[in-house]
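A.B. asks: only geometry, no sequence info:
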C-alpha cells in the first residue's frame, strides 16, 4: 500500500512540475506569440479596447484612436489614409496589422517592455492601459507632393535625407484607405479586404520597398562609380560608344536607344556617355571591369541587403554569375539586375553624402503617453560606397545630365540638381519602366529622391524617365527645400 501511494505521489509531483514548467514556458517565452495570433479573439477584444497611441508626422497624427460607442471602446482612424498607407499600414480586428502598425505594435499599444514602468503606474492609479506615440521621419509636404505626382499612374516615390538616412517621403500608387480595414463593421471590413486583395493592381503592395524592378539606366551610376573607383577611368576618359556594340558569344549587339552613336562620337567621354545615357558606352565599361567589380560596387550601395525591416523591405539584386553579354546588359541595369525604388534613392543619397551610404530609417522616436522619450533613432553609417573624390566627380557628371542631358525636366530654378534618368525595358507585352533619381542642392544636398513609374497609361513610345519621372522628383525636392 505504501509503495502504491508513493508511486501515486511521485506521479502527482511530476504532473505538477510539468504543469508549472508548461505554464512558465507559455508565460515567459510564448506569451507574445500567442497574444499576437490573429485568431486569438480574447486578446484581440482586449487590444481593441486599449487607447492605442498615435503615429505622428511632427506633432500631427496620421493615425490615432478615438473613443467609440461600441464594444471595442476605441476606433482606429487614419487622416489622409491613402497618402500614408504604405507606411502606417492598417490595424484591423479581423486581418491583423501591417506597416508601422505591425512593427511598432507593442509600443503603440503600451505593452512594450520599455514601457513597463508606465504600466505599473497605470495599475496603481487604476488607469486603463494607454499606448505610446511613434513619430515618423516623413516630411508632410514631400509626402503629399509624391502622392499627388503619382496620380493616375502606377509607381512609387522615395525621398531620403542623405546625411542621416531619414526617409522624407514614401508613396506608392495605387494606394488604399486603411480606414476601411479598421472599421468596426466587420461585414464591411470583409468586403473591403476581398476587393483589395483580389484587385490585380495590388493597391496594398508597397512598391517602394517590397517590389524590385529593372533599374535601367539609373544603374549606370553604379557602373560609373565602379569605373571611377577603379583608377582606370576619369570623367574625361573616352570609351567605346558606337551606335551598336558587338558582344562576345552572341550575334545580337547592344544598341543605343536612338540607334545612333553617343553624342555624335564613337569615343565619347564618360561624362558625355552619362549625359546622353549611352548603352554602348556603359556596356563597354561593364565588359572591361567585369561582373565581380560591378557586383562589389552594387553591394557597397546596399544591393543584396534588406532595408527597412519595419516595412518588410526586400533586397535588391545584382546577378550572380553573368556571362559577357549578360554583364554588358547588367552594366546598363538590364538582364537580371533588380532594385527597389528605395535602393535607387540610396544610390543617389550615397553619392550626395560624399560616398557614404546611411542606413535608411522611418521611426524618429517613440514616447510614452506622458511624453517621456523611450527611444530615439540615431543616424547610422551603412557603407562607404565610394571615396569623396569619386562622389564629387559623379556629382558633377549628374549635374551635367540635368543641365544638358536627359534629366532637363528635373531642373529647379535657382537650385543645382544632380540626377540620372532611366528607361528599363522588360518585354514587348508590357511598357518600359520609367525612372529618375536625383539629389539637391548638388553642393549641399538636403534631399535625394527616386521615382519609378511602372505604368502611366500612355503610348509606349512616350515613356521615358525624363518626361515621366523627373517632374515628380522635382516637385518632391521642391517640397523639401521649401521652393
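C.D. replies: Noted; the coordinates are in hand. Every value quoted in this text rests on a predicted model; they were computed, and no experiment measured them.
A.B. asks: Could you pull up the mean pLDDT of the lengthiest helix in the chain?
C.D. replies: Using DSSP state H to define each element, the chain has its longest helix at helix 2-25. Across helix 2-25, the average pLDDT comes to 76.
A.B. asks: same check, this time on stretch 185-204
C.D. replies: On average, stretch 185-204 scores 96.
A.B. asks: tell me which residues of it are tucked away?
C.D. replies: 189, 192-193, 196, 202-204 (16 or more other C-beta atoms under 10 Å). Using the backbone N, CA and C atoms, a C-beta is placed for each residue, glycine as well.
A.B. asks: Which of the residues you listed fall in helices?
C.D. replies: Counting by DSSP H, the part of the buried residues of stretch 185-204 found in helices is 189, 192-193, 196.
A.B. asks: just curious, which of the residues you listed is nearest to residue 367?
C.D. replies: Using C-beta to C-beta, residue 189 is the member of those that lies nearest residue 367, at 30.0 Å.
A.B. asks: quick one, what contacts that closest one?
C.D. replies: Counting by C-beta atoms under 8 Å, 6 or more residues apart in numbering, residue 189 touches 92-95, 180-181, 183.
A.B. asks: how close does it get to residue 201?
C.D. replies: 20 Å (C-beta to C-beta, to the nearest Å).
A.B. asks: try residue 373
C.D. replies: In terms of C-beta to C-beta, residue 373 sits 40 Å off from residue 201.
A.B. asks: Residue 347 now?
C.D. replies: 28 Å.
A.B. asks: Who wins on neighbours among the contacts of residue 189?
C.D. replies: Of all the contacts of residue 189, residue 181 has the most neighbours under the rule other C-beta atoms under 10 Å, reaching 28 neighbours.
A.B. asks: hang on, isn't that residue packed against residue 191?
C.D. replies: No: Residue 181 is not in contact with residue 191 according to C-beta atoms under 8 Å; the separation is 10.6 Å.
A.B. asks: quick one: contacts for the closest residue to residue 416 other than its chain neighbours?
C.D. replies: Excluding the flanking residues, the one nearest residue 416 by C-beta to C-beta, 6 or more residues apart in numbering is residue 442, at 4.1 Å. Counting by C-beta under 8 Å, 6+ apart, residue 442 touches 352, 395, 398-399, 416-418.
A.B. asks: for residue 144, same thing?
C.D. replies: 80, 83, 479.
A.B. asks: burial count for the first one?
C.D. replies: Pointing back at residue 80 there. By other C-beta under 10 Å, 16 other residues sit near residue 80.
A.B. asks: Tell me which residues touch it, please.
C.D. replies: Shown in contact with residue 80 (C-beta under 8 Å, 6+ apart): 62, 144.
A.B. asks: And the pLDDT at it?
C.D. replies: What the model reports as pLDDT for residue 80 is 95.
A.B. asks: cool, the second one as well?
C.D. replies: With respect to pLDDT, residue 83 scores 98.
A.B. asks: Enumerate every residue touching it.
C.D. replies: Per C-beta under 8 Å, 6+ apart, neighbours of residue 83: 143-144, 147, 171, 175.
A.B. asks: Just confirm it is within a helix.
C.D. replies: Yes: read with DSSP: H, G, I helix; E, B strand; the rest coil, residue 83 is one of the residues of a helix.
A.B. asks: Helices along the stretch 1-150 of the chain, start to end?
C.D. replies: Per DSSP state H, counting those that start in this stretch, the stretch 1-150 of the chain carries helices over the ranges 2-25, 31-36, 41-47, 81-88, 99-103, 105-109, 116-124, 140-149.
A.B. asks: again with the stretch 251-400 of the chain
C.D. replies: With DSSP H, counting those that start in this stretch as the definition, the stretch 251-400 of the chain shows helices at residue ranges 270-275, 279-289, 291-300, 324-331, 341-352, 388-404.
A.B. asks: wait, which of the ones you listed is closest to residue 101?
C.D. replies: From the helices of the stretch 251-400 of the chain, taking C-beta to C-beta, the stretch that ends up closest is helix 341-352, at 19.6 Å.
A.B. asks: Run through the neighbouring helices and strands of the closest one.
C.D. replies: Packing contacts for helix 341-352, counted by 3 or more C-beta pairs under 8 Å, 6 or more residues apart in numbering; DSSP states H and E, involve strand 154-160, helix 220-230, strand 356-358, helix 388-404, strand 418-424, strand 433-440, strand 447-455.
A.B. asks: Mean neighbour count, distance to residue 261 and mean pLDDT added to the ones you listed, as TSV?
C.D. replies: Shown next, in TSV, are these (neighbours: other C-beta atoms under 10 Å; distance: least, C-beta to C-beta, whole Å; pLDDT from 0 to 100):
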stretch	mean neighbour count	distance to residue 261	mean pLDDT
strand 154-160	29	32	97
helix 220-230	26	17	98
strand 356-358	21	34	98
helix 388-404	20	17	98
strand 418-424	30	19	94
strand 433-440	31	24	96
strand 447-455	29	28	96
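A.B. asks: Name the nearest residue to residue 331, ignoring sequence neighbours.
C.D. replies: Among residues not flanking residue 331 along the chain, residue 286 sits closest, at 2.5 Å (C-beta to C-beta, 6+ apart).
A.B. asks: what's residue 345 in contact with, if anything?
C.D. replies: 158-160, 437, 448-450.
A.B. asks: what pLDDT does it get?
C.D. replies: pLDDT, residue 345: 98.
A.B. asks: excluding its backbone neighbours, what's nearest it?
C.D. replies: In space, residue 345 is closest to residue 450, 3.7 Å off (C-beta to C-beta, 6+ apart).
A.B. asks: doesn't residue 435 make contact with that neighbour?
C.D. replies: Yes: taking contacts as C-beta under 8 Å, residue 450 lies within contact range of residue 435: 7.2 Å.
A.B. asks: so what sits against both of these two?
C.D. replies: Residues touching both residue 450 and residue 435 (C-beta under 8 Å, 6+ apart): 218, 344.
A.B. asks: For residue 161, give me the backbone phi and psi.
C.D. replies: Geometry field for residue 161 lists phi and psi as phi -80, psi 110, criterion degrees, to the nearest 10.
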